[in-house]
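>>> Turn this into a model:
(one chain, ligands or ions: 1)
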Amino acid sequence: MINPLTGKNFEPSWRIAEFLPEALEFYGGVEARIGRQVWHPLPVMRLAGSDQEWQKIVSKLAVPDVAPWVRGEVAARDGWVGAVDVRGGGWIHAGDFLTGSCEFFKNLGCYQVGDVSRLEASDRVIWCDGAAGLLAGHLGPHRCAKGEILTVRATGWDETCIRIGAGGWLVPQGGEIFRVGSTYEWNELDGLPTEKGRVRVEEIVRRLGGDGFEIIAHHAGVRPILRRSQPLIGPLRGGGWMFNALGSKGSLYAPGMAGRLARWLVDGVEPEPEVDFRKFSVQSDLNESG
Ligand SMILES: Cc1cc2nc3c(=O)[nH]c(=O)nc-3n(C[C@H](O)[C@H](O)[C@H](O)COP(=O)(O)OP(=O)(O)OC[C@H]3O[C@@H](n4cnc5c(N)ncnc54)[C@H](O)[C@@H]3O)c2cc1C
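Residues are numbered from 1 along each chain as shown. The predicted structure follows:
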């Protein structure tokens, strides 16, 4: 999912005004190459469950970097205090994107699958190994968070918008299928679905969707986090390059960050210092020692 205004504080995702257009241009180009739709735009209905939460949302509506993303107030459903319609959201069909991209690269004769952990450090290696790389300790201290989601089938539920509220989200996928999430867990980073996670996400399903659903899948994964959901790229001290820390917003940031990494590698154009892993790791070393 891509959702421009996130969290309890109803704040714009970090630098969304730059990264969203870059992402949409990229996904449009991918769709043209692989011949299938991967970006599914949908309005986002942000629901407030308490007066306090609603006051927070209302207080932000005129803030200059929030206002452009809000279409306006909409009628809240039963059991909710208020709701707003957020523009710019949608979801990426990651499965179609990955399958289509694999086929595209196979046709070009440049696609291989295998464990790369034995590759020697080399300037030609880019480590984009996500949470696995962070958990292995390759990039220093991390803040990875496990999350669980459910895929459910439900008849008669509204499929015209993403719903966000009660600490969760519900994304219609079409054909009476909905993705719902998610949990946050910082201690058990094993990527395995749990009973506790299922129970928590079922609560979110009931609150945002209703009763009368059938669970058809339960997934868990680990979000690759170094500092919030702000990605990093750059050369590694021992050789090779890193591209990681996409956090819980890989769909939004991966295209723009990949473009920056390509310009750095091919044309020698360095990105903004705040996404440069060298500067981040120097700062973390200072924090660790101080
Ligand atoms: C519950 C949950 C909900 C999420 N919701 C959203 C959302 O709504 N929107 C959003 O944008 N993002 C969401 N995310 C985050 C998103 O999944 C990540 O940002 C994204 O997957 C990170 O991409 P990545 O390519 O860096 O890492 P990954 O997706 O983890 O990919 C890394 C790949 O490298 C492979 N790999 C690792 N080590 C090796 C090795 N030694 N050899 C070969 N291959 C290796 C792994 O198998 C994996 O396929 C969510 C994550 C979770 C867990």
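
>>> Leaving out sequence neighbours, find the closest residue to the residue positioned nearest the centre of the chain.
By Cα atoms, centre = their mean, the chain has its centre lying nearest to residue 249, at 2.3 Å. Sequence neighbours aside, residue 229 is the residue nearest to residue 249 in space, at 4.3 Å (criterion: Cβ to Cβ, 6 or more residues apart in numbering). Where C-beta positions appear, they are placed from N, C-alpha and C, glycine not excepted.

>>> again with residue 33
According to Cβ to Cβ, 6+ apart, the nearest residue to residue 33 is residue 104 (5.8 Å).

>>> In contact with residue 192, which residues?
residue 220 (Cβ atoms under 8 Å, 6 or more residues apart in numbering).

>>> For it, what are phi and psi?
With angles defined as degrees, to the nearest 10, residue 192 sits at phi -110, psi 140.

>>> Give me the pLDDT value at it.
Residue 192 carries a pLDDT value of 97.

>>> Equivalent analysis for the one 3 residues further on, please.
Each residue has a pLDDT score; the one for residue 195 is 98.

>>> same thing with the one 10 residues further on?
The confidence metric pLDDT takes the value 98 at residue 205.

>>> Count the neighbours of it for me.
Neighbour count for residue 205, taken as other Cβ atoms under 10 Å: 21.

>>> any idea how far the spatially closest residue to residue 80 that is not a sequence neighbour is from residue 276?
Leaving aside its chain neighbours, residue 80 sits nearest to residue 47 (4.6 Å; criterion: Cβ to Cβ, 6+ apart). According to Cβ to Cβ, to the nearest Å, residue 47 and residue 276 sit 38 Å apart.

>>> Please say which of these two ends up with more neighbours.
Neighbours of residue 47 and residue 276, each counted by other Cβ under 10 Å, are more numerous for residue 47; the result is 22 against 18.

>>> I'd like the secondary structure assignment at that one, please.
Here residue 47 is recorded as strand under DSSP: H, G, I helix; E, B strand; the rest coil.

>>> Could you do residue 27 as well?
helix.

>>> can you pull the contacts of the closest residue to it other than its chain neighbours?
Once flanking residues are discounted, residue 27 sits nearest to residue 39: 4.2 Å by Cβ to Cβ, 6+ apart. By Cβ under 8 Å, 6+ apart, the contact list for residue 39 reads 24, 27-28, 31, 90-92.

>>> Could you rerun that using 7 Å?
By Cβ atoms under 7 Å, 6 or more residues apart in numbering, the contact set of residue 39 is 24, 27, 90, 92.

>>> any idea how far it is from residue 145?
25 Å.

>>> and what of residue 25?
Distance from residue 25 to residue 145, by Cβ to Cβ: 29 Å.

>>> Which one's more surrounded, those two?
A count of neighbours by other Cβ under 10 Å puts residue 145 above the other of residue 25 and residue 145, at 20 against 13.

>>> OK, contacts around the more buried one?
By Cβ under 7 Å, 6+ apart, the residues touching residue 145 are 184-186, 223, 225.

>>> In these, find the pair that's most separated.
Spanning the widest gap among those are 185 and 225, at 12.4 Å by Cβ to Cβ.

>>> And the two? Which one has more around it.
Applying other Cβ under 10 Å to residue 185 and residue 225 shows that residue 225 carries more neighbours, namely 21 against 18.
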